[in-house]
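> I would like the atomic coordinates for the input below:
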Amino acid sequence: MKKLGITLLCLLIIGFSRAQDFENKGNYMSVGIGTDLFVSHADDGFAIGPFLINYERGITDMIGIGRFGAGLSAEYSVYTGEYNDKVADGSRLILMGRGTYHFEFNVPKMDVYAGAGLGGHFSDTDYYGRSFELKHRVFAGIRYYFKSNLGVYGEVGIGSSMANGGFVLAF
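Numbers count the residues shown, from 1 in each chain. As a prediction, the model looks like this:
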């Protein structure tokens, strides 16, 4: 009887499940805010942002247990902090290319992914002046859709932002 109940439950879940919410040739735009790593290096300071805008496009059908996506990311922060007894007010813009792998767990309205990014980090501060550095980011995230084209997302990672979240629009 227990095996029959489990089998019926699995068939019910499979019957009501729809395809993954990340698809080949699908377009996804996300807007969010994150935590800024710059403040953690300052003796006394604060930051606003980073504010993030990401664009992503599905570029493959199923490969293994998921699909690949590629896109672009822009992040902007404004900050102030004290470094070696000098105040450094400034801003930072990060432009990055991103590659992602979206796992197919067959859970309705949910998209779980991991990826990496590489790009430029443009800074302008009172203390250090203008600078450019190559930056990378490794991240994992989840999206949950309230409607077929609108949802929320959250990401954690190593790089410019330890954690960020916001809204995602599929079109």
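> CA atoms for contacts and neighbours, from now on please.
Fine.
> Okay, now the unreliable bits of this protein?
For the chain, applying pLDDT under 70 flags the ranges 1-20, 36-45, 83-87.
> State the phi and psi torsions of the closest residue in space to Y28 that isn't next to it in sequence.
In this structure, Y28 finds its nearest non-sequential neighbour in A170, 4.5 Å apart by Cα to Cα, 6 or more residues apart in numbering. Note on A170: backbone dihedrals following degrees, to the nearest 10 are phi -100, psi 130.
> show me what contacts V112?
102-104, 140-143 (Cα atoms under 8 Å, 6 or more residues apart in numbering).
> quick one: it and Y79, what's the gap?
31 Å (Cα to Cα, to the nearest Å).
> same thing with G129?
According to Cα to Cα, G129 stands 14 Å off from Y79.
> Same question for E155.
For E155, the distance to Y79 - Cα to Cα - is 22 Å.
> cool, F122 as well?
14 Å.
> got it, and G141?
From G141 to Y79 the distance is 26 Å (Cα to Cα).
> Also R143?
According to Cα to Cα, R143 and Y79 sit 29 Å apart.
> What of M162?
Applying Cα to Cα, the value for M162 to Y79 is 16 Å.
> number of nearby residues for Y76?
20 (other Cα atoms under 10 Å).
> hmm, back to that, settle it for me: which of G129 and Y79 has more neighbours?
Just comparing G129 and Y79: by other Cα under 10 Å the higher neighbour count belongs to Y79, 19 against 11.
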